[in-house]
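>>> Compute the structure for the input listed below.
(2 chains)
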Number of protein chains: 2
Amino acid sequence: MGSLTFIGLGLHNEKGLSLVGLEKARKAEKVFIETYTNPMPHLSMENLQKLLGKPIVRLSRGDLEENAKNGILRDAKKMDVVLLVPGDPMVATTHVWLRVEALKMGIKTEVVNGVSVYSAAPSVAGLQIYKFGRSVTIPIPTENYKPQTPYDVIKENSKRGLHTLVLLDFSSEKNRWISIGEGLSYLLEIEEERKEKVVFRGRLAVGLAGLGSDKPVVKGDTVEKLLSYDFKLFPQTLIFPGRLHFMEVEALKVFAETPEEVLKLYV
Amino acid sequence: MGSLTFIGLGLHNEKGLSLVGLEKARKAEKVFIETYTNPMPHLSMENLQKLLGKPIVRLSRGDLEENAKNGILRDAKKMDVVLLVPGDPMVATTHVWLRVEALKMGIKTEVVNGVSVYSAAPSVAGLQIYKFGRSVTIPIPTENYKPQTPYDVIKENSKRGLHTLVLLDFSSEKNRWISIGEGLSYLLEIEEERKEKVVFRGRLAVGLAGLGSDKPVVKGDTVEKLLSYDFKLFPQTLIFPGRLHFMEVEALKVFAETPEEVLKLYV
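Numbers count the residues shown, from 1 in each chain, chains lettered A, B, ... in the order given. Okay, here's the model as predicted:
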């Protein structure tokens, strides 16, 4: 009897893995990795294979979707299989689907959670996680696809005084991430059209880059200023703070070098 | 010159620690641990000290608050100090305050994120994390203190079709956690008073216990049924789903053994 264990790699590189994840991956008969939803540019496959003491097979989107039943799931029916996934292993729908399919096939499954940007970003910015409303992702826009959901979610949260976490997508087609500057421009364009004063140039935002590395870049300032700030690392994330508690103000000053005059408006 | 590094222990026991966290804790000149906000009953101090190859000093609430400047911060001014914290190290305000103080004193700080219940719970239940609204904690009520915030937050999120993560507090005074049953009773009492049909006996909820362990208990059912379900492990957490995507329905069926007839009402 086989099994399928989803293990989160956490953030940044192979050292984001937990001890329990490492232990279970070492015991597995076959180890796969999926990096097309989030390529983890600082992950060294060589180091990871050394850590595990075995080869790791990289899967494509097709391997995890239409070909899963003839690949990873067929293996997991017979032997103990591990799938390594950046961040937390169950945040993407693909993995939820894969776990559902495995269970339907009678395969035992297990989840070893990993550090996720959803908790790491608020925490590194010093913003209280229970004051975050719904989060949202900005995609790479195309001519026919530029959803206004990110704008609507920020609007809705802001109205209620809540913070908004805005993830910036990776496009596997274009093989690149959206930068903080592009994310802000995306939102400013919608603002220009709708003029609802949701994301304007004077508004406070916090940009985060390279979470999980030794020196993540965290900068709070007006949208205007962040547009031209050099965040250097990827992936990047945005937070639009709502109403701030005094401790959050203190945190944004010293964790994110946010100018005091910008913070004054949010207390 | 000293430094203060906050390291998340993740969930369940010492194996929740990440490889980077382990590496940094091993290099530190002095290692503290704080477990009064979340006692991590399965954490073995003995194993953790063996892993780190050095003694670990346990801090009380006072050590981290009023006595911090004569203790941990004074040490961190002179040497490389690590503070180990269950879950993610910056989720509690106390640690945010401590990092602010350290930076004001000119101490270098660093944060090594840990796995947090905020991302682990949605993910283990198979619910999409970006569909969660604001989260909330149920405290242990006293005669004069029984806030209705948890009820209001669930109400607000549900109205918008969003899921709600409800944490169940640990009381260091009473040295115990709130159980899922108690959390549900807390909410049902408010329902009885307000009658707004937010948390009623037929409503779908998901209970999670022992996240981060090999066999977490995850059960979806009506509030009525969950009231008497034996979740065995602690800490425990609740989720009140909002509108469900069909993949979430599939997930709740197989990850949380949720009866189909209960799910039908949420699609």
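>>> Can you name the residues that contact the residue in the stretch 151-267 of chain A that chain B sits nearest to?
Closest residue of the stretch 151-267 of chain A to chain B, CB to the nearest CB: A:Val254 (4.4 Å). Bear in mind the C-beta positions are built from the backbone N, C-alpha and C, glycine included. Residues counted as contacts of A:Val254 (CB atoms under 8 Å, 6 or more residues apart in numbering or on different chains) are B:Arg99, B:Val100, B:Leu103, B:Lys104.
>>> element containing it?
helix A:246-255 (DSSP states H and E).
>>> could I get the contacts of A:Val254 as JSON lines with pLDDT and distance to chain A?
Output for the contacts of A:Val254, formatted as JSON lines (pLDDT from 0 to 100; distance: CB to the nearest CB, whole Å):
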{"residue": "B:Arg99", "pLDDT": "98", "distance to chain A": "7"}
{"residue": "B:Val100", "pLDDT": "98", "distance to chain A": "5"}
{"residue": "B:Leu103", "pLDDT": "97", "distance to chain A": "4"}
{"residue": "B:Lys104", "pLDDT": "96", "distance to chain A": "7"}
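>>> I'd like those residues written out as TSV, with secondary structure added.
Output for the contacts of A:Val254, formatted as TSV (DSSP: H, G, I helix; E, B strand; the rest coil):
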residue	secondary structure
B:Arg99	helix
B:Val100	helix
B:Leu103	helix
B:Lys104	helix
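>>> PyMOL command for the buried members of those?
A single PyMOL command selects the buried members of the contacts of A:Val254 (16 or more other CB atoms under 10 Å in any protein chain shown):
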select buried, chain B and resi 99+100+103
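>>> Spell out which parts of the stretch 151-267 of chain A neighbour chain B.
Counting by CB under 8 Å from any CB of the partner chain, the stretch 151-267 of chain A comes close to chain B at A:Glu156, A:Arg160, A:Leu162, A:Leu211, A:Gly212, A:Asp214, A:Met247, A:Glu248, A:Glu250, A:Ala251, A:Val254, A:Phe255.
>>> which among these gets closest to A:Leu168?
Looking at those and their distance to A:Leu168, the nearest is A:Leu211, at 11.9 Å (CB to CB).
>>> wait, what's in contact with the closest one?
Counting by CB under 8 Å, 6+ apart, A:Leu211 touches A:Leu11, A:His12, A:Val117, A:Ala120, A:Ala121, A:Val124, A:Pro235, A:Thr237, B:Asn113.
>>> Going through those, which ones are buried?
Among the contacts of A:Leu211, those classed as buried by neighbour count (16+ other CB under 10 Å) are A:Leu11, A:His12, A:Val117, A:Ala120, A:Ala121, A:Val124, A:Pro235, A:Thr237, B:Asn113.
>>> Show me which of those residues is closest to A:Glu224.
A:Glu224 has its nearest neighbour among the buried ones among the contacts of A:Leu211 in A:Thr237, at 19.0 Å by CB to CB.
>>> Okay, the closest one and B:Gly10: tell me how far apart.
According to CB to CB, to the nearest Å, A:Thr237 and B:Gly10 sit 21 Å apart.
>>> Please apply the same query to A:Leu127.
A:Leu127 is 21 Å from B:Gly10, by CB to CB.
>>> swap in A:Ile129?
From A:Ile129 to B:Gly10 the distance is 16 Å (CB to CB).
>>> These two - which one has more neighbours?
Taking other CB atoms under 10 Å in any protein chain shown, A:Ile129 and B:Gly10 do not tie; B:Gly10 has more neighbours (33 against 22).
>>> Tell me the confidence at that one?
Per-residue confidence at B:Gly10 stands at 98 (pLDDT).
>>> pretty sure it is touching B:Gly114, no?
Yes: B:Gly10 lies in contact with B:Gly114 (CB atoms under 8 Å); the separation is 4.3 Å.
>>> joint contacts of the two?
A:Val115, B:Gly16, B:Leu17, B:Ser18, B:Pro86, B:Gly87.
>>> Which of those has the largest number of neighbours?
That'd be A:Val115 among the shared contacts of B:Gly10 and B:Gly114, by other CB under 10 Å, with 33 neighbours.
>>> from what I can see A:Val91 touches A:Ser116, true?
Yes: A:Val91 is within contact range of A:Ser116, at 6.1 Å (criterion: CB under 8 Å).
>>> Looking at these two, which is more packed in?
Using other CB under 10 Å, the more surrounded residue of A:Val91 and A:Ser116 is A:Ser116, with 28 against 25.
>>> which element is A:Glu110 on?
Going by DSSP H and E, A:Glu110 is part of strand A:108-112.
>>> Adjacent strands (with direction) for that strand?
For strand A:108-112, the pairing partners within the sheet under DSSP bridges are strand A:3-8 (parallel).
>>> buried stuff in the strand it pairs with?
Buried residues in strand A:3-8, counted by 16+ other CB under 10 Å: A:Ser3, A:Leu4, A:Thr5, A:Phe6, A:Ile7, A:Gly8.
>>> chain center to the helix ranked longest in chain A, what's the gap?
In chain A, assigned by DSSP state H, the helix with the most residues is helix A:180-194. On the basis of CA atoms, centre = their mean, to the nearest Å, helix A:180-194 sits 20 Å off its chain's mean C-alpha point.
>>> Let me know the average pLDDT across stretch A:163-172.
What stretch A:163-172 shows for mean pLDDT is 93.
>>> Tell me the span between the first and last residue of it.
One end of stretch A:163-172 sits 29 Å from the other (CA to CA, to the nearest Å).
>>> what about that stretch, distance to the chain center?
From the chain centre to the centre of stretch A:163-172 is a distance of 7 Å (CA atoms, centre = their mean).
>>> Touching it from outside, list them.
A:36-39, A:61, A:117-118, A:121-122, A:127, A:131-140, A:150, A:153-154, A:157-158, A:176-180, A:182-183, A:235-242.
>>> Which residue ranges of the stretch 101-250 of chain A form helices?
A:117-125, A:149-159, A:180-194, A:223-227, A:246-255 (DSSP state H, counting those that start in this stretch).
>>> Out of the helices and strands in chain A, which is least certain?
In chain A, the helix or strand scored least confidently by mean pLDDT, DSSP states H and E is strand A:170-171, which has a mean of 87.
>>> What strands line up against it, and which way round?
According to DSSP bridges, strand A:170-171 has the following sheet partners: strand A:176-177 (antiparallel).
>>> List of residues touching the partner strand?
A:Ile140, A:Leu168, A:Asp169, A:Phe170, A:Ser171, A:Phe234, A:Pro235, A:Gln236.
>>> now do stretch A:134-151
A:118, A:153-154, A:156-157, A:164-169, A:171, A:174, A:176, A:178, A:183, A:186-187, A:190-191, A:194, A:198-199, B:129-133, B:160, B:162.
>>> And the buried ones among those residues, selectable in ChimeraX?
Command for ChimeraX that selects the buried part of those, burial taken from 16+ other CB under 10 Å:
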select /A:118,153,154,156,157,164,165,166,167,168,169,178,183,186,187,190,191,198,199 /B:129,130,131,132,133,162
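>>> which ones are touching the residue nearest to the spatial centre of chain A?
In chain A, the C-alpha nearest the mean C-alpha coordinate belongs to A:Val117, at 4.5 Å (CA atoms, centre = their mean). By CB under 8 Å, 6+ apart, the contact list for A:Val117 reads A:Leu11, A:Gly87, A:Leu165, A:Leu167, A:Leu211, A:Pro235, A:Thr237.
>>> pLDDT score for the fifth one?
Predicted confidence (pLDDT) at A:Leu211: the value is 97.
>>> Near A:Ile72, how many other residues are there?
23.
>>> Let me know how buried the nearest residue to A:Val20 once chain neighbours are set aside is, in neighbour terms.
In space, and not counting its chain neighbours, A:Val20 is closest to B:Lys15: 3.8 Å by CB to CB, 6 or more residues apart in numbering or on different chains. For B:Lys15, the count of nearby residues is 23 (other CB under 10 Å).
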